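K.L.:
No sequence on hand, only this structure:
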C-alpha cells in the first residue's frame, strides 16, 4: 500500500507527462510545491518500488504499475472535484479539497459520487433541483417552501 504522499507524486507525474510528454524533477517539485531534493528522494523510493523509472538527466517516467495508480488517483480527484463544483464549491477550493478527499473515501463511495456526477452532467436540461440549491445557498430558503408560503398568504388574503 502506497502512502498518500506517494500517490500524489504518481498523480503529478502522470499529469505532467500527459501535458508535456515528460516529467522532470523541477516540474514535479513545482506541481507539488516541494523542493527538488524532496522530489529526488521520493522518486528514488518510487523507482525502487517499481512505480517509476528515474534516470538522473532524463527525468521520470511511470511504469505500467505506477501509471495504473496515477490514473486511479487522478480519476478519484476529478470525480470529487466535479462533485464539489456541482454543489457550488469555488474551483480553487474544490481542487484543494479533492486532493485531500481523494485518498480517504472508500472505493464504493467514489463510485457512487462518480455515478451522481455523470447523472447530473448527462441530464438533458439543467436539473431544477440544482437551480433550487443555488437559490437555497443564496437565501437559506428552499424555493418550494417559499412558493408554499406565498400560496398560503394568497389564500388567506383572498
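P.N.:
Okay, I see it. Predicted, not measured: the structure shown is a model, and the values here were computed from it.
K.L.:
Distance-wise, check residue 83 relative to residue 77.
P.N.:
11 Å (Cβ to Cβ, to the nearest Å). C-beta coordinates here come from the backbone N, C-alpha and C atoms, glycine included.
K.L.:
hmm, I was thinking of residue 103
P.N.:
Going from residue 103 to residue 77 by Cβ to Cβ gives 10 Å.
K.L.:
Show me which of those two is the more surrounded one.
P.N.:
Between residue 103 and residue 77, residue 77 has the larger neighbour count (other Cβ atoms under 10 Å), namely 20 against 15.
K.L.:
outside of the helix or strand where the more buried one lies, which residues touch it?
P.N.:
Using DSSP states H and E, residue 77 falls within helix 64-86. With Cβ atoms under 8 Å, 6 or more residues apart in numbering as the test, helix 64-86 has contacts from 2, 7-8, 10-11, 13-15, 46, 50-52, 62, 91, 93-95, 97-99, 101-103, 105, 110, 113-114, 116-117, 120-121, 130.
K.L.:
Just those: which are in helices?
P.N.:
Mapping the contacts of helix 64-86 onto helices (DSSP state H) picks out 7-8, 10-11, 13-15, 46, 91, 93-95, 97-99, 101, 110, 113-114, 116-117, 120-121, 130.
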